[in-house]
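give the three-dimensional model of this entry:
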Amino acid sequence: MNSIKIFSPATVANVSCGFDVLGFCLDVVGDEIIINKSNKPGLRITNIEGEDLPLSIDKNVAGVAAKSYLKKYPSKTGIEIEIYKRIKAGSGIGSSAASAVGTVFGIDKLLKRNSKKIDLINYALDGEKLASGESHADNIAPAMLGGFTLVRDLNSLDIIKLAVPSELVVTIIHPKIELKTSHARSILRKQVPLKKVVKQTANIAGLISGLYLNDYSLISRSLNDEIIEKERSLLIPEYYSLKNAAIDSGALGCGISGSGPSIYALSKGNKIANEIASSFKSIINKLGIDYDIYISKINQNGVKSI
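Residues are numbered from 1 along each chain as shown. Below you'll find the model as predicted:
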């Protein structure tokens, strides 16, 4: 095999109460990455379509992730990477994570190492760090493993794939304004009142319990962010109007996807998910901002060859 094509999915991170530790995987949008063997030694990014991103290995998250992997597992064969971006950079649905995950997974498959997915996460994290300024796996983990994931400890890669109720559906609106992860992280408070930490901890525990119990009411009561939302909402036009419209349409909960500007709303079933999409459209159309809307089940498989 001299070439392999990869689908690397978009993801939602934080999930309201789970800043830097919770995330889930989408099945309707993702990057396509082609990894080719080459007779010319070395690592190169030869083509990027869909976004104006650098071809330089050290300035591209896919390149940094690939370089990290090949430092551990050197290849005498040259490696060339083609990236077809379907996830907009700065969208808040895991664009950089998809590039990093897909590239590392693809190289591993092409070189027939067939590593466990969990063992590839560290290399993808090195790429993600370039985009956000620090390592966090709440997009990387679900993109790689699929499903709903909890990063209990990043240093030891103690990552747990959680249960997912069968009728859980997400609606996402991406207002097409770019919001860099590094900037969205820089505005956050460094200290948080203990009372808010206690509430946030209870919400995380409640959300995870709700996932395992198939308790949609408990999931709904737990999808509240006591710490991050207030600051980041200022960066997203009409955020609370969109959130309130989703809740009024029957959403279990609604919040900022990753660093934003995308907004996600979880619901029970497709009917409500479509009603949420309509309510999002009615508000965003008045702002004159271009946007994308996605409705997706939770992708249980994560990155894959296609």
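
residues near Ile93, how many?
Neighbour count for Ile93, taken as other Cβ atoms under 10 Å: 26. For every residue, glycine as well, the C-beta is placed using N, CA and C.

ditto for the one 4 residues further on
Burial measure for Ala97: 36 neighbouring residues, criterion other Cβ under 10 Å.

touching, it and Leu145? I think so.
No - contact between Ala97 and Leu145 fails when scored by Cβ atoms under 8 Å: they sit 11.9 Å apart.

tell me the contacts of Thr89?
I think there's a mix-up here, since residue 89 is Ala and not Thr. Shown in contact with Ala89 (Cβ atoms under 8 Å, 6 or more residues apart in numbering): Glu51, Leu53, Ser95, Ser96, Glu178.

and the residues you listed, which of them are buried?
Buried members of the contacts of Ala89, scored by 16 or more other Cβ atoms under 10 Å, are Glu51, Leu53, Ser95, Ser96.

so which of those residues belong to helices?
Counted as lying in helices by DSSP state H, out of the buried ones among the contacts of Ala89, are Ser95, Ser96.

let me see the contact set for the nearest residue to Gly30 once chain neighbours are set aside.
Spatial nearest neighbour of Gly30, excluding adjacent residues (Cβ to Cβ, 6 or more residues apart in numbering): Pro9 at 3.9 Å. Counting by Cβ under 8 Å, 6+ apart, Pro9 touches Cys25, Leu26, Asp27, Val29, Gly30, Gly94, Ala98, Ala143, Gly146, Asn299, Gly302, Val303.

who wins for most neighbours among those residues?
Ala143 (36 neighbours).

check which helix or strand it maps to.
Secondary-structure assignment from DSSP states H and E places Ala143 in helix 140-145.

helices or strands next to that helix in the packing?
The contact analysis (3 or more Cβ pairs under 8 Å, 6 or more residues apart in numbering; DSSP states H and E) places helix 140-145 against strand 3-13, strand 22-38, helix 95-110, helix 121-132, strand 148-153, strand 158-162.

what does the fifth one contact?
Strand 148-153 has contacts (Cβ under 8 Å, 6+ apart) with 18, 20-25, 136-138, 141-142, 158-164, 208, 211, 298.

now the helices for the stretch 151-300 of the chain?
Under the criterion DSSP state H, counting those that start in this stretch, the stretch 151-300 of the chain contains helices at 181-186, 194-213, 216-222, 229-232, 239-248, 270-284.
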